[in-house]
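Visitor: Any chance you can model this:
(one chain, ligands or ions: 1)
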Amino acid sequence: MAQYARTKGSIALITLTNPPVNALSSAVRKGITETVSRALNDTQVKAVVLCGENGQFCGGADIKEFAKPMSGPALVPMIHAIEAGEKPVVAAIEGIALGGGLELALGCHYRVAHAKARMGLPEVTLGLLPAAGGTQRLPRLTGIPTALELITTGRHITAQEALKLGIVDKVTDGNVVDAAMEMALSVIGRPLSPRRLSTLSTPPLANLDGVFEAAMAQVKRRSRGAMAPVACVKAVRAAAELPYSQGMKRELELMGTLMSSGQAKALQYCFFAQRAVGKWSLPNGAQWNNSRPRDIRTAGVIGLGTMGRGIVVSLVKAGISVVAVEMEEKQLDLGRKEVTGILERDAKRRGVTAPLHLISFALSLQSLRGVDLVIEAVFEDMELKKRVFADLSRVCNQNTMLCTNTSGLDVDQIASVTDRPPLVVGMHFFAPAHVMKLLEVVCGPRSSAEAVATAMSLGKRMGKVSVAVGNCPGFVGNRMLKSYMDESVFLLEEGASPEQVDQALEEFGFALGIFKVGDLSGLDVGWRVRKSSGLIGPDVNPTFPSRVRQGRRYCPLPDLLCEQGRWGQKTGRGWYLYDSAGGRVARPDPEIQRFLQDYRLRYGIPSRRISEQEVVERCVFALANEGFQVLEDGMAAGPEDIDMVYVFGYGWPRHRGGPMFHAAQVGLPRVLQRLEFYYRENPDIPHLQPSALLRRLVGAGSPPIQQWKQYIRSTHSQL
Ligand SMILES: CCCCCCCCCCCCC/C=C/C(=O)SCCNC(=O)CCNC(=O)[C@H](O)C(C)(C)COP(=O)(O)OP(=O)(O)OC[C@H]1O[C@@H](n2cnc3c(N)ncnc32)[C@H](O)[C@@H]1OP(=O)(O)O
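Guide: The predicted structure is shown next:
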């Protein structure tokens, strides 16, 4: 777990060996403790170089161990022993030095990095803080503002930036261990005290209170309700105000609170869930490690609306040549201008040249003949999509993969009009597609393993979190969203206001409440979907629209709003009021209050006071309940898949782990009991009826989320 070698006569070379990232497991900590002690006690050794095997210095503490009782030597005294030792220790940083890995390097007296190395203290993203002295040593090295920024964001930095900030002493393009040994030989005999970061004071800073108050306000604004960023600010403040030993005590105290919090558990669950969803499998035995993706070099995108433009940008940024097709010249020109603008702004920000040479624009599908893969992003209309796919089938090479960006239509029906159903999959991007990280890869019943593997791997290449989902209306994300949205409008009928519902959801941690999201994305979009799915039609009385449709409770409020031309931000009025069409700042609108009161009077619905707890429970438990149903129906492989869809596609607060993890954390019996209660009160809302899987899990004693798959009746898995 840590190898020891004597080299160049007087150098001890200690190599961390714990693939794949040399995480600081208890065995590695034991190995380092023993080898460092050996080096310090060996009179032949004059200096030490610390490195990691396989081109990775160290990925930090072993995250898997956080869930277990602590064993083996502790990290803090181990790093302290290195720093306090009387022989210079040089960290040779290659690949990564993250979290505890960077803290270990900060305990060394010198740091040499390879030019391609990345460093950072990402503990905050795991709901923790750098509690191996990172919050105390880094501010002493870089000064408070830089340390605050790096620790509260968890941002990775390049070797060049680390050099500029003084975090490393040297950057090399060559062999980093050789460079570190050279440095070790050159510093033998030099005084070590100025190199012991714990003994230094933080550089003086004017207006300390102002800096910390601003930092605190910023983290609270940026990550609503998250504890770790707040604790990080407090720990860095201790570095500024207290001697090192007391600062370390404060760091430990704050870490103790975080470690035992549900938020840290949720964030660590997300870390592993994000990696688990890449390991997809289909019922026929095809899976991520036995299905070869195709190498995609050229792609076509049809439709240059908001979605199509974002998809083009994502593909081009991944280095893929794209032919972008629109049917009308005016739309094509508009699309070209937008896509070019996005790519140019992005390139300017990153100081590189925009890869415009990778895109060509065309007015005919014929231009797609030779591409490896096509992504269709036309209007959400089955007949239109079928026409496009039938044409593609005729135009494209036999081998071209055909993908649809539908947000919920039947992928198999679309595939049925082509000559190649095995090569058809859904690639459901989220708007704006070049920004949002989620990609739902929709596996139709006839999609081949190769096609699924290709779409999953293409998503990864574009920097997306790809989640394989089954083919059902709305797939996973939008299917579940329906119950969440329905609950929010039912709450309006019963007495809540849009701002009250939004505030409760934002307090819960959502970046935006559901009504603000509706206004932002345009209320007319859902209106159109409801029209096409037969919920609104000629047989609905326009003056007194029914509150029961297709056999269940229906809330006509959003339709009535749309009929008034209140389509959200784009019209300057929606659930909220905006300064003008396109305005962004939502203000409560007294007209909406009157509109809701009139509506309740007209339908004889008594208005009651609705608590924040009820808002959150009805919206969030309804969402999770549909998630259980999605699992039961075999539309997602496991709860991790659903949770990642929500974290990366729907603004679910990551520190709550995702709707399924949240249900587990609240306690499945409690979720079941509350759903039973709400369903008894509202028997005409089927999505409040507890799912059979939820009942089974409670019956089985609420096993940990990692075991839920065993309770899913997977005989009819659609994945
Ligand atoms: C009163 C009580 C008081 C209690 C107080 C206790 C005090 C305790 C003091 C201890 C203080 C500890 C402080 C330190 C904390 C930390 O260091 S937390 C960890 C910080 N590090 C990270 O966050 C890095 C996480 N990893 C990554 O970001 C990426 O994995 C990577 C390193 C950049 C590599 O990326 P990539 O190449 O894309 O590969 P991946 O697929 O992501 O990873 C490959 C496999 O490696 C596993 N893995 C990665 N990092 C870790 C890790 N740190 N621990 C365990 N496992 C890790 C990852 O899960 C992958 O596994 P597989 O999926 O099985 O392949």
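
Visitor: quick one: secondary structure of residue 64?
Guide: At residue 64 the chain is in helix, as set by DSSP: H, G, I helix; E, B strand; the rest coil.

Visitor: Residue 90 looks like it's in a strand, true?
Guide: Yes - under three-state DSSP, residue 90 sits within a strand.

Visitor: I'd like the distance between residue 8 and residue 537.
Guide: 83 Å (C-beta to C-beta, to the nearest Å). Placement of C-beta: from N, CA and C, glycine included.

Visitor: likewise residue 581?
Guide: 29 Å.

Visitor: residues contacting whichever residue of the stretch 501-650 of the chain sits closest to the ligand?
Guide: Taking C-beta to the nearest ligand atom, the ligand has its nearest neighbour within the stretch 501-650 of the chain at residue 640, 11.8 Å off. Going by C-beta atoms under 8 Å, 6 or more residues apart in numbering, residue 640 touches 272, 273, 276, 277, 658, 660, 705.

Visitor: Among the residues you listed, which one lies nearest to residue 564?
Guide: Lowest distance from residue 564 to the contacts of residue 640 (C-beta to C-beta) belongs to residue 658, with 36.1 Å.

Visitor: Leaving out sequence neighbours, find the closest residue to that closest one.
Guide: What sits nearest to residue 658 in space, not counting adjacent residues and going by C-beta to C-beta, 6 or more residues apart in numbering, is residue 643, at 2.3 Å.

Visitor: just residue 33 next, same as before
Guide: residue 73 (4.6 Å).

Visitor: which residues touch the one you found?
Guide: By C-beta under 8 Å, 6+ apart, the contact list for residue 73 reads 26, 29, 30, 33.

Visitor: what's the closest non-adjacent residue to the residue of the stretch 501-650 of the chain closest to the ligand?
Guide: Nearest non-adjacent residue to residue 640 (C-beta to C-beta, 6+ apart): residue 273, at 3.7 Å.

Visitor: Are whichever strand or helix holds the one you found and the ligand in contact anywhere?
Guide: Applying DSSP states H and E as the criterion places residue 273 in helix 262-276. Yes - residues of helix 262-276 are located near the ligand by C-beta under 6 Å from any ligand atom, namely residue 275.

Visitor: I'd assumed residue 547 was in contact with residue 556.
Guide: Yes - Residue 556 lies in contact with residue 547 (C-beta atoms under 8 Å); the separation is 6.8 Å.

Visitor: Between these two, which has more neighbouring residues?
Guide: residue 556 (23 against 15; other C-beta atoms under 10 Å).

Visitor: Near residue 166, how many other residues are there?
Guide: 12.

Visitor: What of residue 527?
Guide: Applying other C-beta under 10 Å, we find 18 other residues in the vicinity of residue 527.

Visitor: That one and residue 562 touch, don't they?
Guide: Yes - using C-beta under 8 Å, residue 527 makes contact with residue 562 at a distance of 4.3 Å.

Visitor: Contact distance from the ligand - what residues of this protein qualify?
Guide: 20-21, 23, 59-64, 75, 96, 98-100, 122-123, 126, 128, 130-132, 252, 255-256, 259, 275.

Visitor: and the residues you listed, which are buried?
Guide: Taking 16 or more other C-beta atoms under 10 Å as the criterion, what is buried in those is 21, 23, 59-63, 75, 96, 98-100, 122-123, 126, 128, 130-132, 255.

Visitor: Many thanks, have a good one.
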